[in-house]
Structures are given as structure tokens and as C-alpha cells.
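Participant: Give the three-dimensional model of this entry:
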Amino acid sequence: MAGARIPVPRLQGVTEAQFLHDLYPQRKPLVLEGIDLGPCTSKWTVEYLSRAGGKQDVKIHVAAVAQMDFISKNFVYRTLPFDKLVQRAAEEKHKEFFISEDEKYYLRSLGEDPRKDVADIRKQFPLLEGDIKFPNFFQKEQFFSSVFRISSPGLQLWTHYDVMDNFLIQVTGKKRVVLFSPRDAPYLYLSGTKSQVLNIDNPDLARYPLFTKARRYECALEAGDILFIPALWFHNVISEEFGVGVNVFWKHLPSECYDKTDTYGNKDPTAASRAAQILDRALKTLAELPEEYRDFYARRMVLHIQDKAYSKNFE
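Facilitator: A predicted model of the protein is given here:
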């Protein structure tokens, strides 16, 4: 099991001023209740979404198992008309399927041209736009994307972080979300932005012994709840039943800090990417030395980074 378990705080009826002045600067997850989201929480039934979403083709993840792994890619990409996806995702067993009768479906909406355009529910699903209200807790120029998501019951998404702030709006259904602080990254066995530890409830501690040190923040989301996920916070999401969610991402840093080619919101800030490239070059340079020297100077580099780059209150 992971280390300490900490419930994510829940607050009712938070105003924009309260959020921006008191809560947002803390940079910690928070569940907001009682925010007016419009009629979507009662209106977005399977039948309604099938009609209003239309028959446009959408690209989806299809997995034979509930625990999806983006590192090993234990899923396939397929295309379905949106109305068919909604109907299949709401089923436990399928008469029509790609892999197996109990396969799982996951939709993360994309822009018109995913290489150039960000996802925005107002553009990809205009008939649904009038049903949902986004919390106006950030400036319009900070807005990055709004991502429409559909998940089959039982589906678990891999633990990962995003580089922008995020409201996870649970429109229908229930989710369990487990989060880890950016400061616990050393215990999550990262591969890029993703953790290699798939089974966070019963991890293989022979392979991942440090995972027990990770402090685990947990919350349950129901229809109408909004989870604030600050940038860089790792999150693992389990859909406990069929449900629809919308993520609203916005820029916490000035626009020039982000990679202009990033349409998913998951590329590291340009300064961080440059620093990683410089470090890679430095390590290649160290490789020119004999092992004893390489080991010594690598340790000195680590100590230098800890002294100069880490926050003074790093735990």
C-alpha cells in the first residue's frame, strides 16, 4: 500500500474571489461543491447524448482490461460514431465489440486537427455547449482547452501529471481520484509524465519499494462536483460507473512559458525542456571520464542541484 492517505478538502459554494485569493495560491487539490454548472448534470443521459452528440466519428481508446497503461500501450485506438460510443460505453457487456464483449472504452476529445488545434467542447460539440457552464475562476486569456471525456464503468486511467491547471468537472456518474504531490515524484517511478505503478491499491513493492513513501490524496466525485487539480499534481482516475466529465485547462504561467506546439497541455514548459536537454548533454560529457571520476562528479552535480534548484522547504 502507499503511504499516508489524505482526504482532499471539500468546500461548498466557493466564490470566484474566495478561490482566487484564498485557495488558488495554496496550489493544492480541492473539491468544489454547489457550483452552478447549468442543466448538464441532469440532462446528459445516454439517450440525450446519443441524440445531441450526433454521428460524428470520434477516436477512442479500447482496452481489454480495466487498468489502462499508456507506457506499454495495452489498448488500441479505434473509431466509432459518437452516438454508438455513448451507447457502448454505458454497457457492461457488448453485442458489438472490437476485442472482447467486456472491453472498456475511453474518449478524450480532440481538436479538429489534433496536431494544430486544442480540444474545445464548444467547437467539437456545439449542441452540448449551452448545457454546461464553466466556473469563471480564471481570466479568459488563460483558457487553454475544454476536454470532453467518456469512460466505461470500472476503467482506470494511468497516473500522470499535466502542466496546466485543471478543473475536472464530473457531470454524470462517479469517479474515484487519487492524487500525489509533485514533491513525491521520486517515489512514483516515472517514465516521462507517467508513473509505471499501475496498481496503486496493491502495488508490486518488490519492483516499486519507494512507492510506500508517496502521500496519497483521495476524493470521490459525484455529479456536479469539481476537482481542482493544480499543474504538476499526479492523478489517477477510476470511473466507478459510466460517466461523463469535462476538463477545463488554463495557463498558470505566462503564455510564453509553454510550448506553442502543445495541443494536449502535457508538454513540459520550455525552460524545463531546455534544462533537461542541457542535463543530458552534461551527462554525456561525464561519460568521457573513467567510472570512478564519473561517479564522483555525478554525485557532486546532484548535490549542486539540490542546493541551488530545490525549494528550501522541500520534504
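Participant: so where's this structure uncertain?
Facilitator: 1-3, 311-315 (pLDDT under 70).
Participant: partners of the closest residue to L30 other than its chain neighbours in the sheet?
Facilitator: In space, and not counting its chain neighbours, L30 is closest to F228: 4.6 Å by C-beta to C-beta, 6 or more residues apart in numbering. C-betas here are computed from N, CA, C, even on glycine. With beta bridges defined as DSSP bridges, F228 has these partners: L30, F167.
Participant: Please report the distance of F228 from L179.
Facilitator: F228 sits 10 Å away from L179, going by C-beta to C-beta, to the nearest Å.
Participant: which is the next helix or strand following the helix or strand where V248 lies?
Facilitator: Using DSSP states H and E, V248 sits in strand 243-250. Downstream of strand 243-250, the first helix or strand assigned by DSSP H and E is helix 270-286.
Participant: Please save the CA atoms from that following helix in PDB.
Facilitator: Output of helix 270-286 as PDB, limited to C-alpha atoms (Å, rounded to 0.1, in the frame of the first residue of the first chain):
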ATOM      1  CA  THR A 270      10.000  25.300 -22.500                       C
ATOM      2  CA  ALA A 271      12.500  26.300 -19.700                       C
ATOM      3  CA  ALA A 272      12.200  22.800 -18.100                       C
ATOM      4  CA  SER A 273      12.700  21.100 -21.500                       C
ATOM      5  CA  ARG A 274      15.800  23.200 -22.200                       C
ATOM      6  CA  ALA A 275      17.200  22.400 -18.700                       C
ATOM      7  CA  ALA A 276      16.600  18.600 -19.300                       C
ATOM      8  CA  GLN A 277      18.400  18.800 -22.600                       C
ATOM      9  CA  ILE A 278      21.400  20.600 -21.000                       C
ATOM     10  CA  LEU A 279      21.500  18.000 -18.300                       C
ATOM     11  CA  ASP A 280      21.500  15.200 -20.900                       C
ATOM     12  CA  ARG A 281      24.500  16.900 -22.600                       C
ATOM     13  CA  ALA A 282      26.300  17.200 -19.300                       C
ATOM     14  CA  LEU A 283      25.800  13.500 -18.500                       C
ATOM     15  CA  LYS A 284      27.100  12.600 -21.900                       C
ATOM     16  CA  THR A 285      30.200  14.700 -21.200                       C
ATOM     17  CA  LEU A 286      30.700  13.000 -17.900                       C
END
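Participant: how far is that helix from where the chain is centred?
Facilitator: Going by C-alpha atoms, centre = their mean, to the nearest Å, the spacing between the C-alpha centre of helix 270-286 and its chain's C-alpha centre is 26 Å.
Participant: residues contacting the closest residue to P81 other than its chain neighbours?
Facilitator: Leaving out its chain neighbours, the residue that sits closest to P81 by C-beta to C-beta, 6+ apart is K55, at 4.3 Å. Neighbouring residues of K55 by C-beta atoms under 8 Å, 6 or more residues apart in numbering: P81, F82, D83.
Participant: Turn those into TSV, including neighbour count.
Facilitator: Converted to TSV, the contacts of K55 look like this (neighbours: other C-beta atoms under 10 Å):
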residue	neighbour count
P81	15
F82	23
D83	19
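Participant: and of the residues you listed, the nearest to I278?
Facilitator: Distances from I278 to these, taken as C-beta to C-beta, are shortest for F82 (44.5 Å).
Participant: Near the residue lying closest to that closest one once chain neighbours are set aside, how many other residues are there?
Facilitator: Leaving aside its sequence neighbours, F82 sits nearest to G53 (C-beta to C-beta, 6+ apart; 4.2 Å). The number of residues packed near G53 is 21, by other C-beta atoms under 10 Å.
Participant: For G53, what are phi and psi?
Facilitator: phi -80, psi -20 (degrees, to the nearest 10).
Participant: measure it to A271 for me?
Facilitator: Distance, G53 to A271, using C-beta to C-beta: 39 Å.
Participant: Pull the distance from stretch 187-202 to the chain's centre.
Facilitator: 13 Å.
Participant: Just the terminal-to-terminal distance for it.
Facilitator: 15 Å (C-alpha to C-alpha, to the nearest Å).
Participant: same question, stretch 41-50
Facilitator: Termini of stretch 41-50 sit 15 Å apart (C-alpha to C-alpha).
Participant: Same check on stretch 116-129?
Facilitator: Stretch 116-129 has an end-to-end distance of 22 Å (criterion: C-alpha to C-alpha).
Participant: need the helices for this structure, in chain order.
Facilitator: Here the chain has its helices, by DSSP state H, at 16-18, 40-43, 46-52, 82-89, 121-124, 126-129, 270-286, 291-308.
Participant: any idea which of these is most buried?
Facilitator: Among the helices of the chain, helix 82-89 has the highest mean neighbour count (mean count of other C-beta atoms under 10 Å), at a mean of 21.
Participant: Good, wrapping up.
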